[in-house]
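Participant: sequence plus predicted model, see below.
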Amino acid sequence: MLFDEEDVAYEEDVIRNPYSLKSWFRYINHKTKFCSNWVSVYLVYERALKQLPGSYKLWHNYLKLRRAHLKNKCINDPEYEELNNAYDRALAYMNKMPRIWTDYCEFLLDQCLITRTRKTCDRALRSLPITQHYRIWPIYLKLVESFDIPDTGVKVYKRYSKLIPEDVEDHANYLKNVGLVDECVQKYLFLLNNEDIHSKYGKTKHELWHELCEILAKNPTKIKSVKVEPILRQGIQKYVDQVGQLWNSLASYYIGLGNFERARDIYEEGMTKVMTVRDFTQIFDAYSIFEENLITNLMEQANNEGLSDDDDLELEMRLARLEYLMDRRPLLLNKVLLRQNPHNVHEWLKRVKLFEEKPKDVIETFTEAIQTVDPKQANGKYHQLWIEFAKFYENGNQISEAKYVFEKAIKSNYKNVDELANIWCAWIEMELGHENSENALKLIHRACVIPKKKYDYFDPTEPVQNRLYKSVKLWSMHADLEESFGSFDGVKKCYENIIDLRIATPQIIINYGIFLEENNYFEEAFKAYEKGIALFKWPVVYDIWLRYLTKFIERYGGSKLERLRDMFEQCLENIPQKFAKEIYLLYAKLEENHGLARRAIKIYERGADAVLAEERYEMYNIYIQQVASMKGVTATREIFEKAIEVLPDDQVKEICMRYAEMERKLGEIDRARAIYVHCSQICDPKTNNKFWQTWKEFEIAHGNEDTVREMLRIKRSVQATFNVEFNFMAAQMVVPQTGSKFISFMFIFLVEYILN
């Protein structure tokens, strides 16, 4: 070995201090910096390691340097083997240093030396304490995953799973990739059954179940050690949101085994147990595709080889199965909806329609529905089930069976009284449809029996049968039947019972009155109206009052005027403004025709103040017209003046113009001018041109130059007043919103420009 002159000092230093690590590193750094021949650097490292074989720093830097120089060389280069030998020499002293082991294993793995890498990893695991094995196992696992060595890989992963059971998911994935599905399924089951172990990739138990089901369904012939069906059934019970998919996986498992009959049984069982439409659709679609594929395969076989008689029979059977499946879809889907909510009346009625041509199934469905549906929880009209059941027998001319159904129905419990009343009404209508009016009357009498003990209509603790006697619907039908088929006394008694029970409506009172009037019992009719008035308050009583007053006037006219006046006063005592107009006009008309004119005028005056604000203008017009016809136009001046005081400005303009026109016709020119002057203060010349034009024509016809000039002066004054008010309002609106003097100034200027 030759030395350069620069090396002499370093040589002397290492000779004097052969065990000094600093001396050797100074020498190595010098050689690395100034020497181009790396072999000489290697020799210095080798000399240093001979003196200090236990130095981790020397070994690490030496191996790192040699590994860097091999980066761009082929793995067949002899220097690779030299470095491997160097690593072996290093590990003779550094067998407890995990970094040396990991570097060596990775280096061997890069050279694709499978056996040597495996043995080195085993040596490392034996040499290092167990707390440092986590550095070696990733390289070991990378080895078995990078090369096709399934036997070795299974053994390695088995050892790894004993040390770190949390990574059983990687073990399962490896087994799946190498085709060992049976062992893979066992690992998945271990992962799913152990609640303490979670997926290292963040997968939920649900996702792991999904993967397991896919494996079971796609590899039915490779699974020997576990029972697939109990596993999938456990998943069906546990994961209710994926029931349809799990049933399909179980059926696919048997399809893969070639057990088609068992697969059909699974599909049928799934369709009869799922609770949602989505799951049912998944199973039904998979079932139909399965049957179609069987038919397609058999037809392809027929095209290629021909079919025997047995094959023809098999094809017809498969086609019949598929057709039967498609025909059953509405029924199966309906059953799913009923499993979701067995108290859904609409779905039960739909199911009945699906069995239209099968009377036996219809009866069974109705019976099952009535036994299943709880009236308190019913979604829909529970009584409709009973009515449709009875109609089914009625349409089949089995009247006795229909009556038997109704008998059962009226004893059943219901959510409210109206449902039971509907049952009775349907039964009575059936009797009327078959022209059995006597039976109908008997039934209504039976339904409307008033019990000795009275019950609250809205008391939910009492059965609906006890509260039926207060059903307005049933009593209304009772009244109609008595009017059509019963006697006068029966009708009267029925209506009196309704009033006594205090369940009458205004329409029932009016119907009672009409019935009595038609039979010429007018006083009885008026008494009925009075009972109705006593029962109800405003505004419900309005129709009864109106009919009562109208019919009384028609009957007696002015012969019982004082009684009529008392009735009107009673009616008007608490009448709302909304209904006052018609009653006041009717009252005034009565006084005009049969009473005193001054009383009629007083009534019009009261009515003008009592009606709604929007009806007041119309009421004053009628008031003025009637006073003018009774007392002359001069008597209307006070009415005009009062109207001007109380009406809004828009309507005052019209009243003033009419008032002025009346004074003009009477020759009272000054009075008419004064009215125009008064009205001008609320008439903006820009928006009320009609008023100013009328005044102008009036002055041209009846005034002179001075009056015309005065009119024009007033017009300018009024216009200036409206302009000032408008400008002030505009400024008030703009300034607070913008806070800008410039904007407010421009807005006012623009308004002035438009107005001028």
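Facilitator: Arrived safely, thanks for sending.
Participant: least trustworthy helix or strand in this structure by mean pLDDT?
Facilitator: In the chain, no helix or strand scores lower on mean pLDDT, DSSP states H and E than helix 741-755, which sits at a mean of 40.
Participant: wait, residue 555 sits on residue 522?
Facilitator: Yes - the criterion here is Cβ atoms under 8 Å, and residue 555 meets it with residue 522 at 5.5 Å. For glycine as for every other residue, the C-beta is placed from the backbone atoms N, C-alpha and C.
Participant: and residue 293, how far from residue 263?
Facilitator: Remark: distance between residue 293 and residue 263 (Cβ to Cβ, to the nearest Å) = 11 Å.
Participant: so which of those two has more stuff around it?
Facilitator: residue 263 (21 against 11; other Cβ atoms under 10 Å).
Participant: how about the helix or strand where that one lies: buried residues?
Facilitator: Residue 263 is part of helix 260-273 when elements are defined by DSSP states H and E. For helix 260-273, the neighbour count (16 or more other Cβ atoms under 10 Å) marks 262-264, 266-268, 270-271 as buried.
Participant: for the stretch 451-600 of the chain, just list every one of the helices.
Facilitator: Assigned by DSSP state H, counting those that start in this stretch, the stretch 451-600 of the chain shows helices spanning 464-467, 472-485, 488-500, 506-518, 522-535, 542-556, 561-572, 577-594, 597-610.
Participant: and the ones you listed as a markdown table, adding mean pLDDT, distance to residue 320 and mean neighbour count?
Facilitator: Below are these laid out as a markdown table (pLDDT from 0 to 100; distance: least, Cβ to Cβ, whole Å; neighbours: other Cβ atoms under 10 Å):
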| stretch | mean pLDDT | distance to residue 320 | mean neighbour count |
| --- | --- | --- | --- |
| helix 464-467 | 88 | 50 | 18 |
| helix 472-485 | 90 | 52 | 19 |
| helix 488-500 | 90 | 62 | 17 |
| helix 506-518 | 91 | 61 | 19 |
| helix 522-535 | 90 | 70 | 18 |
| helix 542-556 | 89 | 67 | 18 |
| helix 561-572 | 88 | 79 | 16 |
| helix 577-594 | 87 | 72 | 19 |
| helix 597-610 | 85 | 83 | 18 |
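Participant: quick one: mean pLDDT over the host helix or strand of residue 314.
Facilitator: Following DSSP H and E, one finds residue 314 within helix 309-340. Helix 309-340 shows a mean pLDDT of 87.
Participant: helix 260-273 and that helix, what's the angle between them?
Facilitator: 20 degrees (axes from the mean of the first three to the mean of the last three Cα atoms, to 10 degrees).
Participant: which positions within helix 309-340 qualify as buried?
Facilitator: 315, 318, 322, 325, 332-338.
Participant: over to stretch 436-443?
Facilitator: So, applying 16+ other Cβ under 10 Å, buried residues of stretch 436-443: 439-441, 443.
Participant: among the residues you listed, name the ones in strands.
Facilitator: When DSSP state E defines the strands, the subset of the buried residues of stretch 436-443 inside them is empty.
Participant: from those residues, pick the one nearest residue 80.
Facilitator: Of all the buried residues of stretch 436-443, residue 443 has the smallest distance to residue 80: 108.5 Å, by Cβ to Cβ.
Participant: which residues does the closest one contact?
Facilitator: Residues in contact with residue 443, defined by Cβ atoms under 8 Å, 6 or more residues apart in numbering, are 424, 427-428, 431.
Participant: what does residue 411 give?
Facilitator: Going by Cβ under 8 Å, 6+ apart, the list of residues near residue 411 reads residue 465.
Participant: distance of it relative to residue 424?
Facilitator: 12 Å.
Participant: for residue 636, which residues are in contact?
Facilitator: So residue 636 contacts 624, 627-628, 662 (Cβ under 8 Å, 6+ apart).
Participant: doesn't it fall inside a strand?
Facilitator: No - counting by DSSP: H, G, I helix; E, B strand; the rest coil, residue 636 is not found in a strand; it is helix.
Participant: just the pLDDT for it.
Facilitator: Value for residue 636, per-residue pLDDT: 81.
Participant: toward the C-terminus, what is the element adjacent to the helix holding residue 314?
Facilitator: By DSSP H and E, the next helix or strand past helix 309-340 is helix 345-354.
Participant: now do the buried residues in that following helix.
Facilitator: In helix 345-354, counting by 16+ other Cβ under 10 Å, buried: 345, 347-352, 354.
Participant: now, among those, which is nearest to residue 77?
Facilitator: Nearest to residue 77 among these, with distances taken as Cβ to Cβ, is residue 347, at 80.5 Å.
Participant: what sits against the residue nearest to the closest one when sequence neighbours are not counted?
Facilitator: Leaving aside its chain neighbours, residue 347 sits nearest to residue 337 (4.9 Å; criterion: Cβ to Cβ, 6 or more residues apart in numbering). The contact partners of residue 337, by Cβ under 8 Å, 6+ apart, come to 277, 344, 347.
Participant: and the residues you listed, which is closest to residue 74?
Facilitator: The nearest one, if we look at those relative to residue 74 and count by Cβ to Cβ, is residue 277, at 65.4 Å.
Participant: for the closest residue to the closest one other than its chain neighbours, give its distance to residue 347.
Facilitator: Spatially, and ignoring its direct neighbours in sequence, residue 277 is nearest to residue 336 (6.1 Å; Cβ to Cβ, 6+ apart). Remark: distance between residue 336 and residue 347 (Cβ to Cβ) = 10 Å.
Participant: now the host helix or strand of residue 407: average pLDDT?
Facilitator: Under the criterion of DSSP H and E, residue 407 resides in helix 399-411. Mean per-residue pLDDT for helix 399-411: 92.
Participant: how about that helix: buried residues?
Facilitator: 401-403, 405-406, 409-410.
Participant: helices or strands up against the following helix or strand past it?
Facilitator: Tracing the chain past helix 399-411, the next element assigned as helix or strand by DSSP H and E is helix 417-433. If contacts are counted by 3 or more Cβ pairs under 8 Å, 6 or more residues apart in numbering; DSSP states H and E, helix 417-433 sits against helix 382-395, helix 399-411, helix 437-447, helix 464-467, helix 472-485.
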